[in-house]
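Visitor: Provided below are the primary sequence and the corresponding predicted coordinates.
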2 protein chains.
Amino acid sequence: MATLADIGVSAAFNIISALAFLVAFAILRLQPFNDRVYFPKWYLKGLRSSPTHDGAVLSKFVNLDYRSYLKFLNWMPDALRMPEAELIDHAGLDSAVYLRIYLLGLKIFVPITLLAFAILVPVNWTNDTLKKSDLNYSEIDKLSISNIPPGSQRFWTHLVMAYAFTFWTCYILYKEYGLIASMRFHFLASEHRRPDQFTVLVRNVPPDPDESVSELVEHFFLVNHPDHYLTHQVVHNANTLAKLVKKKKKMQNWLDFYQLKYSRNPSERPTTKTGFLGLWGARVDAMDFYTAEIDKTIEQVTAERDRVTNDPKAIMPAAFVSFKTRWGAAVCAQTQQSRNPTLWLTDWASEPRDVYWPNLAIPFVSLTVRRLIIAVAFFFLTFFFMIPIAIVQSLANLEGIEKSAPFLRPLIEMHFIKGVIQGFLPGIALKLFLIFLPSILMLFSKIEGFTSLSALERRSASKFYIFQLVNVFLGSVIAGTAFQQLHSFIHQSANEYPNSFSSSEDISKVIEYGALEASADLLSTGMLSNCYPVETTGHLPPEEFFLVKTEKDREEAMDPGSIGFNTGEPQIQLYFLLGLVYAVVTPILLPFVLVFFGLAYVVFRHQIINVYNPEYESGAAFWPDVHGRVLVGLVISQLLLLGLLSTKEKAQTTPVLLALPVLTIWFYYYCKNRFESAFTKYPLQEAMMKDTLERAREPNLNLKGYLQNAYIHPVFKGDDDDESVEVIDEWEKESLVPTKRQSRRNTPLPSKYSGSSSPSLPEVVHEKA
Amino acid sequence: MATLADIGVSAAFNIISALAFLVAFAILRLQPFNDRVYFPKWYLKGLRSSPTHDGAVLSKFVNLDYRSYLKFLNWMPDALRMPEAELIDHAGLDSAVYLRIYLLGLKIFVPITLLAFAILVPVNWTNDTLKKSDLNYSEIDKLSISNIPPGSQRFWTHLVMAYAFTFWTCYILYKEYGLIASMRFHFLASEHRRPDQFTVLVRNVPPDPDESVSELVEHFFLVNHPDHYLTHQVVHNANTLAKLVKKKKKMQNWLDFYQLKYSRNPSERPTTKTGFLGLWGARVDAMDFYTAEIDKTIEQVTAERDRVTNDPKAIMPAAFVSFKTRWGAAVCAQTQQSRNPTLWLTDWASEPRDVYWPNLAIPFVSLTVRRLIIAVAFFFLTFFFMIPIAIVQSLANLEGIEKSAPFLRPLIEMHFIKGVIQGFLPGIALKLFLIFLPSILMLFSKIEGFTSLSALERRSASKFYIFQLVNVFLGSVIAGTAFQQLHSFIHQSANEYPNSFSSSEDISKVIEYGALEASADLLSTGMLSNCYPVETTGHLPPEEFFLVKTEKDREEAMDPGSIGFNTGEPQIQLYFLLGLVYAVVTPILLPFVLVFFGLAYVVFRHQIINVYNPEYESGAAFWPDVHGRVLVGLVISQLLLLGLLSTKEKAQTTPVLLALPVLTIWFYYYCKNRFESAFTKYPLQEAMMKDTLERAREPNLNLKGYLQNAYIHPVFKGDDDDESVEVIDEWEKESLVPTKRQSRRNTPLPSKYSGSSSPSLPEVVHEKA
């Protein structure tokens, strides 16, 4: 086990690395060349222009103003200076509330740390159980619960502390839930008119031999919502079309690339091979080849577009139905329409850019089967993912490679390369798996058929959290330090269990994962500016990774992406879990958890203000998940403490401790009852208020024109994509109430990521035919 | 263990007892004196008059027509003859669907029994494992799975059968759920106009310093449902008033009793004592005393009535809000009204006679706390109820009695009495507990604050089922026969476990509980006609048990009660559980389960047609619970088979069997998704259809007048109780569509049991002042 010195070295190393990262960041961000990289959000909003336009050549790339270096850490107060209301205006509610997760961590753990250091540390320190025992222990273990002799009355202190920590955590969670619910309502109430306020997604329209889907929808809602129905838009299965459009765009990109190459070197016409990735096949003239390919694809696109528009089979039994009032839409979204509860299913439409179009084409009846299959698959992924990886790892050894590829033998036998491979190979399958895991989980969620990006991210985050809980926390922290040491635990003494459980190795883990990660994120946007923001979103887009060929590619690659809720939030939850579990057992860990939350808060605030560009706005719909997971961590911590105290010959505390998880679970349901509907439903009172206000302000509003094309599949918008944005901008300008919010200007844009395989792959599905 | 002969004797005894009961019933029901007892439902509906009005004295009491005795078993085909549609008209949908639970049992178990006897019994029989082993076994065990040698390939047959049984059960459950959902919709669609179709119960109206609750409710709904709001009725906390009225009624009853006594024997004025139950205190003239008491109570009632009507503190922050259309009510019931999801809570109002008024006075904020407390209390009741009973039993022994009451010693020391007490005492605490258990569970549900009798019964049924599952099934059948034999299991052989698990003792249990119970129910209404129908409802009203004093008492005591869903349904579920668990393991039990379902079906069909008088009509709202519990039984049976096969050295079947519970649980969620909302929501399509029809038929309907007083607390209706019934009857007659349904005539009556402590205590809270 690590001694105090080890911990010190580890901490020093990590803190120095973190500081080095921070300094590097502070200097790099001042260089004009990096300006676009570190402030992309301001560019996207058109509020900052490149500083490289004028001046000397050198000053385009290097900042020569020495004064700016003196204040190089100013970004930190800068990041903290923007008030929250402005932050919501600037970056949206999702981002602002995401930041509050870190704040929540600080609010929970600062008082807990103070209390633990004031009470628990002295109580633990003033014992000498470890000194008496002949166990191998470190100085730092004297601060933990393992220093208390079995059966001691001092354990009642820990029990009281467990109660205090639980009540404090629940109190803060309760306050925060209420605050965020009211922030959400305030946000929704002060929002502009948006198509999704009036629109409901209707799924599973029953087939009718006499009427088309469109007629059927119109008749149904004219009959059952006679005073409120306005218009509707049927959903087309345009997935093939979207694929063709994407293919055309790719071809166009290659053509641009070769034309650029040719213009640089006109003496030689570029050539390519017709096969896979241009690696084999007949060699042809590249520009001719791609021009012909594009023409072919355009024909296909036209044919497919005709088919989708005219073939009734391409029309899905689903529609976006719009209402005259928000009240009407709220009523329709929250009620059951038909006698058969699986027909005419209504739910709020996501905002247009949040819609995940490919999944709208999934037949509703297959959804339950899909969820079952994914649930089973996820179970096996979580508990048995090591089996295939172990197989791959056993194959991917040196002997195996030499056998299957004998020509590599001379290379492999070289001393240096052999060493590298031997050090590198064993973990590679696991590392690759962990890199691809978020994408796999996102794919799972997509197969489950959720129709909005926000729902997909939330669902993936849940899966990622469960995976981490089982494998990282339960598997590594507990099994690794406790259950694997079960052998010595059984054969030596009952004191071993708490020792190993609160061992200082975990401290290294916290330091290692925590501080470094946050500061690395700061740099990552800079270091990876020429490829995709792998670090920030956790996704690695395999295909286009090294294919930055044209200016357009570069522009897309520069898109800073969004926070990446599906990977980021479960990571934070691990710190909540560690903090709560060790608060009573080994309070010495708490300051490191605090450092993580504090540093990460500043870093992410900077990133959200300057870098990230959210893909959608869900109005903090993820908060119930965050709240629930912190409570899961709390219950786990209580159960572990219960187990720990029962091994410490203090079983009479069990009934007193048992009340804690019961109360916590009850608190979960109480909060669910109290707040959750604020995140899933839209109260009629609010709807009526906004309707009345709007009617008073704009009595002659042509709502039908506004909603007519809001939910058209993006591939149908085609060239006039920018045009439609203008139309909507005009609509917003017509509004009589001036608004200072800028970031919501492009809200009614359709989803940019409809055709891509992952929401973190920013690709605009344009059609330029 | 029991041998085949034992089983035979047990079966013969039980079947003979059952037949004797049936014959006794068949003869007793023919006697004119018992006519009112065996056909009370027809009396209540006014369709049958007493046959004792005319004729000879003897024929008033004894049926002398010998021909009727020849056809004495005719009641069985009679009971089966009434078609289901007519049964629904006659007794309501609740009763008709309750009968379908027995039918469901037959549908599930008849094919399972045939298949099991065709395949499993020969497979089990043609082994000689038991013969080879030196275990004590009976012939009947040769038919069970314990006759198969460990590790045999024959276990695959059982596995295939488990799959077949599961799929068959799920198929039937699915069909039945769909059918009952459509029956419910048909029932609701063909129903008369009823106040609850237009009315929503609003709870937790926020306090307002400027407006009364009534004004606040009116303004809120005028603003937020401007086109639909019609009227409302605030809820008063009239619990004290109801208690006083009840007290007055009781006094009146005593007065009647003494007046009757005096009229019979005018020479002596009856006296009573003023103390508890008239047992001690000063002796006074009974009639004077009660007259004075009544006068005093009337004064109190008047004062309290004034207070409740005028004091704003007596008005609860809740109201019954009525709408102009069913559509408006459906919208309001299914949507969230206010930004704060715990304010302005709306839900469908129960039909007026189903409302449980005392709980409407519970402040909404206390509900979550109440549920937590009850959950904890129920947990302790279920798992630790034996502790207090064991203490009571240890106190209630002969020595204890002799010590505490030495004057009883001569009596106790008598040989005969000593024997009786010794045989009787040990079980008495447990028996008393089991008799009161349904009332305790009902009390728990009442504390939880449900506002309708139907919800209370459903909730109590869930609790009773869990209690029985834990204690009767898991505790007795498994622990009793398997885990208590764990000792011999460990020390002897692995074959013991399946033996004991499928032991023939369980067969006796099935016979004992099953066949007899159903036929006893037939007689119980007759035998207990002078006190309360204890057997049929499972309730024992302690106070009034032997106090049948006046004609009014007798009339109330004659009320046959209703099915008693809260005790009846969990009992049936035990048979489902037994059948499913033993279907694969010991198929020989299945015929007995079949006999139970068949006999019980006929008996209850007779009872429902002729005896029971349902208190309310919930439209089969309990079916999702029934469905869910059968599936719980199915999952338990699968897990037990899994454990059994793994002890039989057939662990390779585990993964194949593990798929079964996963699929079953998935099936549960699939059905929930598919059907459940049919039982909790009212689709807008239906509402709109009924509204449109009604508007076409009765364009000048005065709906406001119809709904004005529908939800007034019954104590306020006071004397004009009958009058209000007439008013409503007139309303029904006004309806242009003639209906043959008779049983629904008195639907809009207020709840009869508002003030009583248990819904099975029939007491009309009249006020005759």
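Guide: Yep, it's here. Residues are numbered from 1 along each chain as shown, chains lettered A, B, ... in the order given.
Visitor: Let's verify residue A:318: helix, strand, or coil?
Guide: Per DSSP: H, G, I helix; E, B strand; the rest coil, the local secondary structure of residue A:318 is strand.
Visitor: Please tell me how far the residue nearest to residue A:159 when sequence neighbours are not counted sits from residue A:664.
Guide: On the basis of Cβ to Cβ, 6 or more residues apart in numbering or on different chains, the spatially nearest residue to residue A:159 that is not a chain neighbour turns out to be residue A:653, at 5.3 Å. C-beta: built from backbone N, CA, C; applies to glycine. Taking Cβ to Cβ, to the nearest Å as the measure, residue A:653 falls 17 Å from residue A:664.
Visitor: how much space between residue A:196 and residue B:180?
Guide: 37 Å.
Visitor: Make sure the residue nearest to residue A:159 is actually in contact with residue A:645.
Guide: Yes - if you go by Cβ atoms under 8 Å, residue A:653 and residue A:645 touch, sitting 5.0 Å apart.
Visitor: Mutual contacts of the two, please.
Guide: Contact with both residue A:653 and residue A:645 is made by residues A:155, A:159, according to Cβ atoms under 8 Å, 6 or more residues apart in numbering or on different chains.
Visitor: More neighbours: these two, which one.
Guide: Taking neighbours as other Cβ atoms under 10 Å in any protein chain shown, residue A:653 and residue A:645 compare with residue A:645 leading, 24 against 18.
Visitor: Please identify the helix or strand for the more buried one.
Guide: Taking DSSP states H and E as the criterion, residue A:645 maps to helix A:623-647.
Visitor: Buried ones in that helix, by neighbour count?
Guide: Applying a neighbour-count criterion of 16 or more other Cβ atoms under 10 Å in any protein chain shown, one finds A:623-638, A:640-645, A:647 buried in helix A:623-647.
Visitor: now stretch A:287-302
Guide: Buried residues in stretch A:287-302, defined by neighbour count with 16+ other Cβ under 10 Å: A:287, A:289-291, A:293-294, A:297-298, A:300-301.
Visitor: Return the item of these having minimum pLDDT.
Guide: Looking at pLDDT alone, the buried residues of stretch A:287-302 dip lowest at residue A:287, where the score is 76.
Visitor: That residue and residue A:263, how far apart?
Guide: Summarising the geometry, the distance separating residue A:287 from residue A:263, computed by Cβ to Cβ, is 11 Å.
Visitor: Kindly report the same for residue A:661.
Guide: Counting by Cβ to Cβ, the separation of residue A:661 from residue A:263 is 70 Å.
Visitor: So for these two, which residue has more residues nearby?
Guide: With neighbours defined as other Cβ under 10 Å, residue A:661 and residue A:263 compare such that residue A:661 has more, 18 against 8.
Visitor: check which helix or strand covers the more buried one.
Guide: Since the elements are taken from DSSP H and E, residue A:661 ends up inside helix A:654-671.
Visitor: Can you show me the strands along the stretch 101-250 of chain A?
Guide: A:199-203, A:229-236 (DSSP state E, counting those that start in this stretch).
Visitor: For residue B:165, which of these is the nearest?
Guide: Of all the strands of the stretch 101-250 of chain A, strand A:199-203 sits nearest to residue B:165, with 34.9 Å by Cβ to Cβ.
Visitor: Does the closest one reach chain B?
Guide: No - taking Cβ under 8 Å from any Cβ of the partner chain as the criterion, strand A:199-203 and chain B are apart, separated by no less than 12.4 Å.
Visitor: Tell me which strands that strand pairs with, and in which orientation.
Guide: Paired neighbours of strand A:199-203 in the sheet (DSSP bridges): strand A:315-323 (antiparallel), strand A:345-348 (antiparallel).
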